[in-house]
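Peer 1: Fold the following, please.
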Amino acid sequence: MTFDVASVRVLYPALHDGTAYLDGAAGTQVPTAVIDAITDAYRAGMGNAGGAFAASRYAGEIVDECRRAVADLVGGVPEGIVLGQNTTSLVYRFSQALSATWRPGDEIVVSRLDHDANIRPWLQAADRAGATVRWAEADPATGELPVEQYDTLLGERTRLVAVTAASNILGTRPDVAAITAKAHTAGALTYVDGVHATPHGPVDVTALGADFYATSAYKWSGPHIGAVAADPALLETLHPDQLACSPRSVPLRFETGTPPFADFAGVAAAIDHLAGLAGPGAGSRRERLLAAMGTVESYESELFAVMLRGLEELPGVTLYGKPARRTATAYFRVAGHTPAEVAEHLAARRVNVWSGHCYAWELAGALGLRDTGGAVRAGLVHYNDRSDVDRLLSAVAELGG
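Peer 2: Below is the predicted model of the structure:
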């Protein structure tokens, strides 16, 4: 399939303002279809779910379709999709439920490659339970997460392995399937942070070996909603804290309070948008998503090669990490300028990037950057084009070296 980025860009109202949005790793812009879906949901008669009247049934249908859409996106089943306000809130929810069975002497394994949202909640849960924390280390020179180290990290008391499917600053895509296979052999569960990985290619939670897979809609052109995919049978074994009158069924027992129904409509619309990125196609939504996201991955890889090569050729630019398999995400510094100064210089030229640790707290520390301002992060998503890359390179070149 070919990828017509120009036809995609016109679907995004925000892109018409002349800004190069290279901040997608922190959150993407949304297409008109998502805006319309949220607006239409509010325009229609809508009540809380679970009632006998039509407006209530409509809200229930929105939730059901949202679960079906997320399941199609990641290769899960609707009955195993837990929805929440964001993935950080959800990991805290699951860390509480899972750690309820941990005992002193039990062990968990976390990775320094991860976003802090897939580290700190587990550390805090382990501390409360008296469990031991073991660390998988990232190679600071390459940004890789060596699989072999898990052979010595895992044992008969390992209860959980938390690992990212892609680093949100270096783009590293570790061999998650190999890591989860080792974890399962040891009898441990796996919690995979797919927040940064999901927007950049096809996802299959079964192939990854993820017992729990987290994703955030606002990273793939949707509203600020998080989701976790799991086997419903596994969810049945967990009993999170909840109100006395809250539903005990799965996945509802993990969802607190009244949900944002209109935003859920936007999530489903975003996934339909992703399914159509490579143009009209036959097959189920899941089949179209696999095809479209495969095309997106190829497109981003080609454009990122231009961006990476351009940054490498600029004097004074230092790039961090050179993983063999990565998302289109660059983390760099410019000699003579703090990362914040670089970000401000780019912002003045309407090129949006982030600077700092970007919540990769442990990884920024391992790279020796956390205490001196981190670095600059520029990333591509499917609506970025060559002009965005050229503007980034031109603006960085102005800083000299």
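
Peer 1: how about residue 332, secondary structure?
Peer 2: strand (DSSP: H, G, I helix; E, B strand; the rest coil).

Peer 1: Near residue 197, how many residues? Count them for me, please.
Peer 2: Under the neighbour criterion other Cβ atoms under 10 Å, residue 197 is assigned a count of 24. Using the backbone N, CA and C atoms, a C-beta is placed for each residue, glycine as well.

Peer 1: Spit out the contact partners of it.
Peer 2: 164-166, 173, 203, 327 (Cβ atoms under 8 Å, 6 or more residues apart in numbering).

Peer 1: Serialize the residues you listed to JSON lines and add fields for distance to residue 140 and pLDDT.
Peer 2: Formatted as JSON lines, these follow (distance: Cβ to Cβ, whole Å; pLDDT from 0 to 100):
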{"residue": "164", "distance to residue 140": "16", "pLDDT": "99"}
{"residue": "165", "distance to residue 140": "20", "pLDDT": "99"}
{"residue": "166", "distance to residue 140": "17", "pLDDT": "99"}
{"residue": "173", "distance to residue 140": "17", "pLDDT": "98"}
{"residue": "203", "distance to residue 140": "28", "pLDDT": "98"}
{"residue": "327", "distance to residue 140": "19", "pLDDT": "98"}
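
Peer 1: and residue 396, that one's in a helix?
Peer 2: Yes. Assessed with three-state DSSP, residue 396 lies in a helix.

Peer 1: Which elements pack onto the helix or strand containing residue 288?
Peer 2: Secondary structure assigned from DSSP states H and E places residue 288 in helix 285-313. Judged by 3 or more Cβ pairs under 8 Å, 6 or more residues apart in numbering; DSSP states H and E, helix 285-313 is in contact with helix 54-74, helix 261-275, strand 317-319, strand 329-334, helix 386-397.

Peer 1: Including mean pLDDT and distance to residue 150, could those go into a markdown table?
Peer 2: Shown next, in a markdown table, are these (pLDDT from 0 to 100; distance: least, Cβ to Cβ, whole Å):
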| stretch | mean pLDDT | distance to residue 150 |
| --- | --- | --- |
| helix 54-74 | 98 | 23 |
| helix 261-275 | 98 | 32 |
| strand 317-319 | 98 | 27 |
| strand 329-334 | 98 | 24 |
| helix 386-397 | 98 | 36 |
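
Peer 1: So which of those is nearest residue 372?
Peer 2: Across the helices and strands packed on helix 285-313, residue 372 has its closest neighbour in strand 329-334 (9.3 Å, Cβ to Cβ).

Peer 1: returning to that earlier point: go through the helices and strands packed on helix 285-313 and name the closest to residue 355.
Peer 2: That would be strand 329-334 among the helices and strands packed on helix 285-313, by Cβ to Cβ, at 9.4 Å.

Peer 1: quick one: the residue nearest to residue 13 when sequence neighbours are not counted from residue 14, how far?
Peer 2: In space, residue 13 comes closest to residue 32 once its chain neighbours are excluded; the distance is 6.1 Å by Cβ to Cβ, 6 or more residues apart in numbering. Remark: distance between residue 32 and residue 14 (Cβ to Cβ, to the nearest Å) = 10 Å.

Peer 1: now swap in residue 384 and tell me
Peer 2: Relative to residue 14, residue 384 is positioned 13 Å away (Cβ to Cβ).

Peer 1: okay, and the common contacts of the two?
Peer 2: In contact with both residue 384 and residue 14: residue 21, using Cβ under 8 Å, 6+ apart.

Peer 1: what about the two, which has more around it?
Peer 2: residue 384 (26 against 13).

Peer 1: Now do the SS call for the more buried one.
Peer 2: Assignment for residue 384 (three-state DSSP): coil.

Peer 1: tell me the contacts of it?
Peer 2: 5, 20-22, 24, 300, 303.

Peer 1: Most widely separated two among the residues you listed?
Peer 2: Among the contacts of residue 384, 20 and 300 lie farthest apart (Cβ to Cβ), at 15.2 Å.

Peer 1: from what I can see residue 240 touches residue 99, true?
Peer 2: No. Residue 240 lies out of contact with residue 99 (Cβ atoms under 8 Å); the separation is 10.9 Å.

Peer 1: In a markdown table: the contacts of residue 197, plus neighbour count, secondary structure and distance to residue 58.
Peer 2: As requested, these are arranged in a markdown table below (neighbours: other Cβ atoms under 10 Å; DSSP: H, G, I helix; E, B strand; the rest coil; distance: Cβ to Cβ, whole Å):
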| residue | neighbour count | secondary structure | distance to residue 58 |
| --- | --- | --- | --- |
| 164 | 29 | strand | 37 |
| 165 | 27 | coil | 34 |
| 166 | 27 | coil | 36 |
| 173 | 21 | coil | 39 |
| 203 | 24 | coil | 29 |
| 327 | 28 | coil | 37 |
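
Peer 1: So which of these is the closest to residue 54?
Peer 2: residue 203 (35.0 Å).

Peer 1: Look up the closest residue to that closest one, ignoring the ones flanking it.
Peer 2: residue 74 (4.7 Å).

Peer 1: same thing with residue 243?
Peer 2: Nearest to residue 243 is residue 256, by Cβ to Cβ, 6+ apart, at 7.9 Å.

Peer 1: Which one's more surrounded, residue 240 and residue 99?
Peer 2: Comparing residue 240 with residue 99 by other Cβ under 10 Å, the one with more neighbours is residue 99, at 22 against 17.

Peer 1: Contacts only, for that one.
Peer 2: 125-126, 128-129, 131.

Peer 1: For residue 198, see how far away it is.
Peer 2: From residue 99 to residue 198 the distance is 25 Å (Cβ to Cβ).

Peer 1: Then residue 149?
Peer 2: 25 Å.

Peer 1: How about residue 119?
Peer 2: Using Cβ to Cβ, residue 119 is found at 19 Å from residue 198.

Peer 1: The stretch 1-150 of the chain: strands as residue ranges?
Peer 2: 20-21, 81-84, 107-111, 132-136 (DSSP state E, counting those that start in this stretch).

Peer 1: right, and those - which one's nearest residue 48?
Peer 2: strand 81-84 (15.0 Å).

Peer 1: Just checking: what are the partner strands of that closest one?
Peer 2: Using DSSP bridges, the strands paired with strand 81-84 are strand 226-230 (antiparallel).
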